[in-house]
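Peer 1: this one's structure only:
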């Protein structure tokens with residue numbers, strides 16, 4: 001669970017760190033609206049499932065919690081391997 005949460009946090013930090021370069025400045029959300037929505041969706045994809053996974057972990061379902069924590073990084077790696085990103 002910890003490795004999954006660290007991987008998710010690392011990707012979120014990376015997305016936030018490079019958003020200024022992608023959208024042209026420190027203000028971040030001044031880019032094209034569809035690109036900003038896509039970027040926000042990517043950040044939400046790496047925040048919401050691990051949060052729900054942590055909730056399941058604390059409620060006695062560690063198997064589902066670990067699966068939710070590891071799903072976004074594994075899906076991103078699969079997309080990179082298949083050339084979709």
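Peer 2: Nice, I can see it. Predicted model only: the values in this text are computed from it and were never measured.

Peer 1: all helices for this protein, in order.
Peer 2: For the chain, applying DSSP state H gives helices covering 2-23, 33-45, 48-58, 62-82.

Peer 1: could you list the buried residues of the shortest one?
Peer 2: Right, helix 48-58. Judged by neighbour count using 16 or more other CB atoms under 10 Å, the buried positions of helix 48-58 are 49, 50, 53, 54, 56, 57. Backbone N, C-alpha and C define where each C-beta goes, glycine included.

Peer 1: for residue 19, see how far away residue 70 is.
Peer 2: As judged by CB to CB, to the nearest Å, residue 70 and residue 19 stand 24 Å apart.

Peer 1: same question for residue 66.
Peer 2: 29 Å.

Peer 1: okay, the two: which has more neighbours?
Peer 2: residue 19 (21 against 18; other CB atoms under 10 Å).

Peer 1: how far away is the more buried one from residue 60?
Peer 2: 37 Å.

Peer 1: report the buried residues of stretch 72-83.
Peer 2: Neighbour-count burial for stretch 72-83 [16+ other CB under 10 Å]: 72, 73, 76.

Peer 1: dump the residue contacts of the first one.
Peer 2: Residues counted as contacts of residue 72 (CB atoms under 8 Å, 6 or more residues apart in numbering) are 8, 11, 45, 46, 49, 50.

Peer 1: likewise for the last one?
Peer 2: Taking CB under 8 Å, 6+ apart as the contact definition, residue 76 lies against 11, 85.

Peer 1: do you know how far it is from residue 12?
Peer 2: From residue 76 to residue 12 the distance is 12 Å (CB to CB).

Peer 1: then residue 55?
Peer 2: For residue 55 relative to residue 12 (CB to CB), the value is 18 Å.

Peer 1: do the same with residue 48
Peer 2: Distance from residue 48 to residue 12, by CB to CB: 11 Å.

Peer 1: next one, pLDDT for residue 57 please.
Peer 2: Note on residue 57: pLDDT of 93.
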